[in-house]
Structures are given as C-alpha cells and as structure tokens.
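J.: Below is the sequence, then the predicted model.
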Amino acid sequence: MQGKADGTVPLPTLPATGRGPRTDAHLPRYNPAELEPKWQAIWAEQPDLYAAQHPGCGKPKYYVLEMLPYPSGQLHVGHVRNYAIGDALARHMWMRGYNVLHPMGWDAFGLPAENAALKNNTPPRDWTLANIAAMRRQMERLGLGYDWRREVTTCLPEYYRWNQWFFLKLYEKGLAYRKNSKVNWCPECATVLANEQVVNGCCWRHEETIVEQRELEQWFLRTTRYADELLRDLEKLEGWPEKVRTMQRNWIGRSEGALVDFTVLRPVENVAARRDDGYPVKLNLTETMLPDEDAAPEEAAPRISVFTTRIDTIYGATSLQLAPEHPLVTQFAAEDAELAKKVRDLLQEQKSAREMGELGSLEKNGFETGRFAANPFTGEPIPIWVANYVLMEYGTGAVMSVPAHDERDYEFARKYGLEMKIVVLPRPVNDADGQQKEPLLPYTEEDSLLINSGEYTGMGCGEAQRRMAAYAQEHGFGRASVTYRLKDWGISRQRYWGTPIPMIYCQTDGLVPVPEDQLPVLLPEKIEITQEGGSPLARVPEFARVTCPKCGRIARRETDTMDTFVDSSWYFYRYTDPRNSGAPFNSEVAEYWFPIDQYIGGVEHAILHLIYSRFWTKMMRDLGLVKNGEPAERLFTQGMVIRNGAKMSKSKGNIVSPDEMIARYGADTTRMYALFAAPPDRDLDWQEDGVAGVSRFLARVHRFAIQAIPLASEGRGERLPSDFTGLERRLIRKLHQTIGRLTDEFEGRWHFNTCIAGIMELVNELTGEESAILAGEVRPSVLYSLTRNLVLMLEAFAPYLAAELWALLGEDEALLRAPWPAYDAALAAEDIVQIPVQVNGKLRAVISVPTASEQEHLQTMALKEPKVQAALDGKELVKMILVPGKLVNFVAR
RNA sequence: GCGAAAGUGGCGGAAUUGGCAGACGCACCAGACUUAGGAUCUGGCGGGUAAAACCGUGGGGGUUCCAGUCCCCCCUUUCGCACCA
C-alpha cells in the first residue's frame, strides 16, 4: 500500500559482542544467525509449506491478508509489525486446521519510481523490480509464511491489463466518463489528485504542498452511484473498527433534505427601494415583478436552486447566499464592474487562506449583489448575497439563509445586520404565562414546532419538511433530495509509471475504447523521464500515435495513466487466481475464498483504499464477477509505529530498518519484539530497549528445551499419567492456563503482547524447576507434553526456533499441520486459591484455601488473620461479602 | 469548534466481567560465578516508614461493601472532521 516514500537512518553501530554466553559451555547455544538461515533454506525447498490448498480439500477456508506494500526498496519496522500480526494469525489458523490463504504482493506503480529514475537515471521498471526482489528477501529472512506462488505485482502487464479490462467494462456501463472540471493539482507530483488524496488542502504525499485547482479534462469513475450502498453496507461491517466506519460515513456525507428553486427577480427599480429599516418591502410579486410566463425559454427568469436540510425553516429565509464561483454571480458580475471586483477580492482572500491552511478559521465575509429572488413559499423578495462560507463544491453552491435557525447564517447575519425571523419554537410554544417563548438564537432543535409559517404553522419540523417538499414538487419548484459529500473518483494521472488508460481519440469517431482483444495497452519501456509538465507518454510518438479501431485513420491514444489506487482496489481477488490469462480471476475460485476473513493494515487507508476497494467490489458484483458486495468480513487496523514522537517517514528521517536487528538478534526476536512491545491496535513508540529481553527469553527457551527434549522424547506418544506429582501438576496447570490464554486471544482480541508474556511466565516456571526436571523428577510423558505444547505455542511468534525444537522433538510432519493444543479446563484449574480478605474494602490479609471451600471455612480462616482481627477490633461486624473464588470483605462499623 | 481514542512505576506495558493495582519485559540496585563483563545465574525494585500505619492509576466530585474499570465536571495528548447548507 502506498504511503510516503521511505528513507532510512542507520542504527547506531555497536561493537561486536565477541563472546557469547558461557554458562553451559558444553551446550550448543542459541545462535539465530546459524539456526535461522538453516531453516530458511529448508523452507525454500518446500514450496507447498505455506500454499493454500484446493477448494475441494475439505477444510474450512481462512483468508488472512495484510495490505500489500509499495516496493520502496526496504522494509521498515512498521511493515514488520503489520506482517508479524498477520503471520501469527495465519500460523495459528493453520494449526487450527484451516485451509489458509496468506498471500503477498506489490503495489508497484507510482511516482517514487519516476523520481528515482530522475535521480539515478534508472528505468522505473528496473528500479521497482530490484526493490521488490530486495524486499522479498527481507520478508523471507523474517520467516513470513506467504504463498509466494500467488505473488501479485501490479506493474506487470499480466496484472495491469485487467485494470484496463475493468476500465472498458466501466466505460460500457457508463461508470467511467470523461469531463472537464476543476481538479486538485499537486505541483510537486505534477499530477492530478483525487479528493481522497487531498489532506488539509495539501497533497497526501507532500504534507507541505498546497494543492491547486486546475481546470482539466479527466476520467472519472462514478463512485457516487454507489454512495448510498457504500453507506448502508457499513452497518453490516460489524467486524470493522467503529472508527473506520465513522470515517467512511463522514466521508460519504449523506444529507437528506430538499432542493428548492428561488426565482431571480428582474432588476426592477422599486424592488431596490428600501424601507426605513433597510429591508425590502413586501411586494405582490404577481403584479409587478414575476417574469413573463409566456416568455421564450431562453428569456425565462433564472432560478437559483438551493439545497437545504431544513426546508421547514423556509419562512424564516431572509436572504440567499451564493458561492463566489456560482455561475449566476459570474453573470451578475459581468454586468457590474464594482461587483466583479468584490468577487475577485473575495476569491483572492479565500485562495490565500487556503495557502495559509487557515480556510476553516476564515471569517465569514460577503456582500449584496443588489438583486433579489422570490421565496417560493411566501412570495417575498429576499436579497441575493455572495458569501465566502458557501462552497461551490457542495450541494448547489447556493444556500437559503435562515439566521434564526442556523449557526452559520446566524453568525453572518449578525455581522451584516440581516433580518432574523423566528419560525420554529421549542414545544410547547408558549411558556407557563401563555407568552410565546423567546428562544436563544440560533435555535436549531428539530424536535420543535413551526410558527409564522402560513399553513404549516403548528406542525412539527419533520412533518413540515415532508409536506413542504411535496408541495414544492407539485408546483415544480423543488423536491425532496439527498446530497452526498462523496465525489466521483478522478483517476487520470499525468504520469508515466501507471496503467495506461485504454482509450483512443479519433477525429472521426470521437472517443473509441481499445478493443478488448488488443489488451494490454503496454506501457512503453523506453522513455526518458524528465521534469517537464504534462503526461510523459504524450512525448512517446510510437505510443501516442495509433490507428482508430473503427475507421482505421490516424488517431491519438489517451496518454494519462490510472491512479495507483485502481491497482490496489481489487488485487486481493487476483491472489485467488493469480495466473489466469483469460480473466481477472475465476469467479468460482473467488467465491470460495471471499470475503477476506481478516484484513490487516494501517488506519491511514480508512478512506482511500478501503472505500475504493468497497466500490470496486460492488461494481464487480454488478458485472456478475463476484457474489458478495463487500470484500472483507473483518478489518484490523494496527497502530502506527512512532519514532521520536512522529510517524515513521522519510521526511522525518526516522525510518528504522529491521536489517540490523535481524543481524544482531535474529528474525524471531525482531518479530516477537514488534508484537511484545505493545498491543497491536495501539501506536508503538519504537525504542530498542526491550529487544534484549526477548532475545534472552528465546535463548532461555532454547537452553531449556535442548536439555529437556532428550528426556521428554522417551514419553513421546504416551498418555499423561492420572496421578500427577505436585510438581507435575503445577507445571501442567500453568501449561493449560497458557494454552487457554492464547486460544482466547487468537479468537479476536489479539493482544499478542500478553500472549508472549504468558509464554514467558510458563517458561519462567519451567526454568525455575530446571534442576528438578533434569534430575528426572518430571516423568517423560509429562515433560513431553510440556515441551511439545510450548513449541506449538511459540510457532506463531518465533517460527524459526519452533521449527528447530520441533525437529528435535522428532517430529517430521510440518509444525503448521500439527493441531493446536486443546485447552483442558480441568488441568488448568487451581486447587488452592489465594483469597484477599478486606475489611471495609481495604486489603488486610490474603488467605490460601482450597478452591471449593465452604463459606464458613472461608470466614473462619479469614477471621483468624491477626491483621483482620486488628482492623475489626472494637467494631461491630455488619455483614460479610463473599465472592466465590475472588475475595472476602467484612463490613464493620 | 465538532467527534473519537487515550492518560497506570524511571520506561514499554498488565489487570478481558466492579473484586489482591503494577503480570511480563526493559532500565536500575545488590549478590554469585569470573582475569574481565554490555554474558549467565540469584535476589530486590510505586511512594513512604526502622518496621508498620498511611498514600498511590491526569485533576475534582459521585455511585458502591468494593472503582484503573461505572456516572458527572474539568485538564492534557493523539487521531479524524472542520464552514457539508
């Protein structure tokens, strides 16, 4: 997944350790530098190890997926954390007997390759493929269990041809279209950005670069056609974090309301005449001002369409406010030089505010146009203003101003002394004295009643909204309507390193799609990357010049490429059928694997990738390619990895590469530390202080296991005895408590830090009894159970060490195919519990009693404690609270 | 401004349901082994005290036999949205 380009700072170099641990010189020590490459080589010889099985294998399927990385050239520890989470889950699900699909790929198109080409004079393709090779080596070194035979690389023609294929389908369905519009332009990227890629008015890849508005002809995908469904289906995504669902809900921004047309009045002198108080007199429009109904259409009076969520307040509308870019404002300004200057000034002010990043805090500003429009409900003329708080991009670019019942209108009206009409009051409308209430303005509550609203007076707001919209529709000046904040997805990019858009411009035939059998439109490889503006492909004549598929005459190819978010919108379907050359994927196979059971990635894609891919899935469903309209059943957003108080990024210069850590401590330690340092959903401030502890822990496991396993092996295959010794009982109990803990966590909470802590506790218990165990005080069958299950639990977090110990245990089947140990509650149960004893809620003693002790026994034992007696001394015992197995509390006065 | 999440030892964090606050680890201190230690092992480690008492989960209030956990107000940090009509 693409984010900011990566950079790296080296770790401080450390002097070589020289000598290793010496305690048990006769024992082979834990040496990951030797052990891990050995197993890596063995695994490399077993291509089926992590391979997903055929749908007919009889096992339930489990699709676990981490967001694919952009091949920047080097993994950083943020990636490691992400993949360690997914790999732990995948390994666990393998052991639980699932047919696991755990693939990996590369989001390989994008601007950094072009920047690198400029800098190093390397072709983007070579640079990208070299990076992929390097990062794949890092992933393999980390021991991540991916099915590499399903690897997907988005910059290769066998992948991007299907982007083109999809584009043609979208075009056929009217879901891809071309229009001239204002678009976001990042001067740094020298290309257009989608709305989703603009963050605080700046480019998502260049936080400091203000996005400009440019007028360009662009390709768009009709995401808005799915706006309602994208919103509604969020309700079904119960396995997604509420935060992400909320962000998407806000992004889609559905508002229910009504469109109302206000007729613009002719500039008649007497309308401009004012009453003494500055407001226009109420006129009878039918007589004096309404446009001639018999006029030819082109002479008909213009109408201003307004979107409002509060049509019920329309009797309180005292002006119309238009965005400065509104076409009607432009028209008025054309006839009025003074007005034109005011509009220019307002726009200039907005532009500089945007550049300062202060658009949100800009003071409300505006001016009158001198023209009036008729309120269609009252017939009253109201002045038309231009206001900077009205956005051309939202709704119709015009609002009716109801100062008494809207925050912004109120603020604006206060500033300019505009009239306020109260038309809504809290119920009941009259206070105790029978006086009409005086609400605090602006009064915006909708659970209220209308006043001063003609025939609607006395109605509730909701009812008035419905009736007024219906009335407007009957009389042809409005209707109920829904507006979205979501815009269509602009996918044209004036860049080289992306999927060519398969369209042709012919002078005779106009827009002609490239015929399906001519796909892929190959991206030319020989191209000089320069800093010039415009699409680089336009400068490649052999690419741009083409014959029209319809008429055979010379035509011009589309030279823009697609947004790389197209690539990542459907890549997870390709994993199910990665080598298919006749279709993007086989629908039946996809049907087996989908939806993704668990998707894992950073929250930074909550809007971008996760909305696009939901759109794409719904679109594919409508094409009949897939059945389900949602790609992922569950989503997990892991926390960011922070370093020196900032998210890791090249611009902050705080990237940490895992390489040195792997070299010093090994992959198992590196992965395990990434999981141990914090729960996966929380942000993690990367400090290396704790790494040594994890490394020591693994060394201790290793030391214990290589000594215990020879003894344990004698008990292989034997059943556990029914007559445990005290020591055996204690160790087996701890083992099963740990199994229970891990089993629970893998069910969904995923606090792997506590899982690892749990395994550490078990190992502490075992090494605490090391001499007794090695002296044979634990019978082989018990020791076998302890060591074997310990190894199974380590598999998800430290697969190299687990593999080594598994082999020592004499197992030859893959560890991943071994069943996850069954938790036995009886074995995990304590027979003696420590019960805290409180007096008036304060801890006074802890007593050890058999788990199933009677109440009287507990009370007797508790009262025997000297400190309890002291605390109760001279007081009357009021009652005793007894929580079985938990505590005893004496309440005394 | 609006919305969400978070705030616990020197540090990362634990306490899943209102029930022993600080699991596990880091750092630190002491000891053992050692020519040596950034290795290993043993012990200690919230504050306070000679030991207790007592105090302690951002601050203030509340509910309760019992509150890190529930309720109200406030503060701080992070994230998201920010004129959305």
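T.: Thanks, I have it.

J.: Could you use CA atoms for every contact and neighbour count after this?
T.: Fine.

J.: In the stretch 701-850 of chain A, mark out all the strands, start to finish.
T.: A:832-839, A:842-850 (DSSP state E, counting those that start in this stretch).

J.: helices or strands up against the longest one?
T.: Okay, so that is strand A:842-850. Where contact means 3 or more C-alpha pairs under 8 Å, 6 or more residues apart in numbering; DSSP states H and E, strand A:842-850 is packed against strand A:832-839, helix A:855-864, helix A:866-872.

J.: in its sheet, what does it sit against?
T.: strand A:832-839 (antiparallel) (DSSP bridges).

J.: Is any residue of the strand it pairs with near RNA strand B?
T.: Yes. On the criterion C-alpha under 7 Å from any atom of the strand, strand A:832-839 is in touch with RNA strand B at A:834-836.

J.: Could you dump the residues you listed into CSV with pLDDT added?
T.: Converted to CSV, those look like this (pLDDT from 0 to 100):
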residue, pLDDT
A:834, 86
A:835, 88
A:836, 89
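
J.: Looking at these, which one is closest to residue A:544?
T.: residue A:834 (80.2 Å; C-alpha to C-alpha).

J.: count of neighbours near that closest one?
T.: 16 (other C-alpha atoms under 10 Å).

J.: which ones are touching it?
T.: A:846-849 (C-alpha atoms under 8 Å, 6 or more residues apart in numbering).

J.: Check residue A:685 too.
T.: A:641-645.

J.: Pipe these into JSON lines and attach neighbour count and secondary structure per row.
T.: Compiled in JSON lines, the contacts of residue A:685 are given as follows (neighbours: other C-alpha atoms under 10 Å; DSSP: H, G, I helix; E, B strand; the rest coil):
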{"residue": "A:641", "neighbour count": "25", "secondary structure": "strand"}
{"residue": "A:642", "neighbour count": "19", "secondary structure": "strand"}
{"residue": "A:643", "neighbour count": "18", "secondary structure": "strand"}
{"residue": "A:644", "neighbour count": "11", "secondary structure": "coil"}
{"residue": "A:645", "neighbour count": "10", "secondary structure": "coil"}
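
J.: need the strands for the stretch 201-350 of chain A, in chain order.
T.: A:202-203, A:212-221, A:255-264, A:303-308, A:319-322.

J.: Tell me which of those is the most buried.
T.: Highest mean neighbour count among the strands of the stretch 201-350 of chain A (mean count of other C-alpha atoms under 10 Å): strand A:319-322, with a mean of 26.

J.: Which pLDDT value goes with the residue in the stretch 601-750 of chain A positioned nearest to RNA strand B?
T.: Nearest residue of the stretch 601-750 of chain A to RNA strand B: residue A:693, at 3.3 Å (C-alpha to the nearest atom of the strand). Turning to residue A:693, the model gives it a pLDDT of 94.

J.: what's the spacing between it and residue A:763?
T.: Applying C-alpha to C-alpha, to the nearest Å, the value for residue A:693 to residue A:763 is 13 Å.

J.: tell me the contacts of residue A:179?
T.: A:217-220.

J.: Of all residues in the stretch 251-400 of chain A, which one is closest to RNA strand B?
T.: For the stretch 251-400 of chain A, C-alpha to the nearest atom of the strand, closest residue to RNA strand B: residue A:308, 2.7 Å.

J.: Could you give the bridge partners of that residue?
T.: Bridge pairing for residue A:308 (DSSP bridges) gives the partners residue A:258.

J.: For residue A:461, find the nearest of the helices and strands packed on strand A:842-850.
T.: Here strand A:832-839 is closest among the helices and strands packed on strand A:842-850 (C-alpha to C-alpha), at 57.6 Å.

J.: ok now that closest one, how far from the chain's centre?
T.: Centroid displacement of strand A:832-839 relative to its chain, using C-alpha atoms, centre = their mean, to the nearest Å, is 46 Å.

J.: Compute the inter-axis angle for it and helix A:855-864.
T.: 60 degrees (axes from the mean of the first three to the mean of the last three C-alpha atoms, to 10 degrees).

J.: residues touching residue A:698, list them.
T.: A:30, A:669, A:801.

J.: Tell me who's in contact with the closest residue to RNA strand B within the stretch 101-250 of chain A.
T.: Proximity of the stretch 101-250 of chain A to RNA strand B (C-alpha to the nearest atom of the strand) peaks at residue A:247, 4.9 Å away. Counting by C-alpha under 8 Å, 6+ apart, residue A:247 makes contact with A:606-607.

J.: returning to what we had before: what pLDDT does the model give the residue of the stretch 251-400 of chain A closest to RNA strand B?
T.: So residue A:308 comes in at 95 (pLDDT).

J.: and residue A:617, how many neighbours?
T.: 23.

J.: So it is in contact with residue A:632, correct?
T.: No. Using C-alpha atoms under 8 Å, residue A:617 is not in contact with residue A:632, being 9.9 Å away.

J.: Please give me every residue in contact with residue A:502.
T.: A:164, A:167-168, A:513-514, A:521, A:557-558.

J.: quick check, nearest of the contacts of residue A:834 to RNA strand B?
T.: Nearest member of those to RNA strand B, counting by C-alpha to the nearest atom of the strand, is residue A:846, at 6.1 Å.

J.: Quick one: neighbours of residue A:778, just the number.
T.: Quick note: residue A:778 (other C-alpha under 10 Å) scores 22 neighbours.

J.: and what of residue A:38?
T.: Around residue A:38 there are 13 residues (other C-alpha under 10 Å).

J.: packing partners for the helix or strand containing it?
T.: Per DSSP states H and E: residue A:38 is located in helix A:32-44. On a contact count with 3+ C-alpha pairs under 8 Å, 6+ apart, helix A:32-44 meets helix A:124-141, helix A:659-665, helix A:799-808.
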